[in-house]
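Asker: output the structure for:
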Amino acid sequence: MTPESLRRSLPLGIIPAMNRCAVVLLVAVAGCGTLDAFLQGDRPSARITGVSVRGLTLQDATLRFDVEVYNPYDAALPLVDLGYSLASGGAPFLDGKAAAAGTVPAKGTRTIPLDARVNFLRLLGALKGVRPGAIVPYEARINLSVEPAGLAKIELPLKKSGEIPVPTVPRVSLSGIKWDKLSLREARAVLKIEIENTNAFALGLTTFAYELALGGTEVAAARAEPSGRIAGKKSRVIEIPLSLSPVSLGLGMLNVLRGQGSDYSLSGTLAVKTPYAPLNLPYSASGRVPFSR
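Answerer: Residues are numbered from 1 along each chain as shown. Predicted coordinates for the structure are as follows:
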């Protein structure tokens, strides 16, 4: 681009305010291709191509926004600032800034991952009426800034709506033990474990790790892999086989197992799939369990 071609491309009324030296300087600083695209109305653009929940726990979760930026210029486009805020029903519960280093290649795109970590304790304190186990709708506002060479900073505001779960621990109880075989040498049974999903979203069962004590004595520590799904605010009974040796536990345990029931304690970890991300849930329960044969 020559100074004369630049003069012809600029709107009337601007040229009188600019002398030839200023035009030459502007071209030298901005670069011919970048200035051409700018004068023709081409601007960088951005869009959110995906949102996912990562690292879901009982304490927090990370929302990852994939922000794609398009650069229409012939030169690399520097990224300057990247800020975000999240609100639900107009009530803000998170804001922050992320690193925006690097550039977007000339005439190309680049996807920037933006991670926003949501602390559930802070969220519950900011939003009235929200309790653990809920699904919280949110609106995210993201402001990305870029700065073409020699031109002013350009802001690219974005909005995205979605939802985030606030998980809570299901209620787990041992509702019954059915003995299939009971002798001095061997005891085989089926544990009937009731799981009440106290969340508003479904849980897909993956792994049930447990430690079981009867009458104050630990009788089993194992892992089971139940299948199936528990809908939000619903319950389900799973059956887990149990095999043990009463002799190894002491002769007094045989009398406990022969009774009508026993005090129990049950604890461990329940691994589940949610519609958002995998989740490990610790649980603990105690009470009295009936025996049947």
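
Asker: pLDDT weak spots in the stretch 51-200 of the chain?
Answerer: Counting by pLDDT under 70, the stretch 51-200 of the chain shows no low-confidence range.

Asker: helix, strand or coil for Arg122?
Answerer: When classified by DSSP: H, G, I helix; E, B strand; the rest coil, Arg122 comes out as helix.

Asker: err, Thr168, not the other one
Answerer: Thr168 is classified as coil under three-state DSSP.

Asker: what are the bridge partners for the residue nearest in space to the middle of the chain, then?
Answerer: By Cα atoms, centre = their mean, the chain has its centre lying nearest to Val53, at 2.2 Å. Beta-bridge pairing of Val53 under DSSP bridges involves Leu63.

Asker: in contact with it, which residues?
Answerer: By Cβ atoms under 8 Å, 6 or more residues apart in numbering, the residues touching Val53 are 61-64, 164-165, 276-277. Every C-beta, even on glycine, is put in place using the N, C-alpha and C of the backbone.

Asker: could I get the residues you listed in a markdown table, plus columns for distance to Ala224?
Answerer: Below are the contacts of Val53 laid out as a markdown table (distance: Cβ to Cβ, whole Å):
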| residue | distance to Ala224 |
| --- | --- |
| Ala61 | 27 |
| Thr62 | 30 |
| Leu63 | 32 |
| Arg64 | 32 |
| Ile164 | 30 |
| Pro165 | 25 |
| Tyr276 | 24 |
| Ala277 | 22 |
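
Asker: for the strand or helix carrying Arg288, which positions count as buried?
Answerer: Assessed by DSSP states H and E, Arg288 sits inside strand 278-292. Within strand 278-292, the residues that count as buried by 16 or more other Cβ atoms under 10 Å are 279, 281, 283, 285, 289, 291.

Asker: now these in TSV, with pLDDT?
Answerer: Output for the buried residues of strand 278-292, formatted as TSV (pLDDT from 0 to 100):
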residue	pLDDT
Leu279	98
Leu281	97
Tyr283	98
Ala285	98
Val289	98
Phe291	97
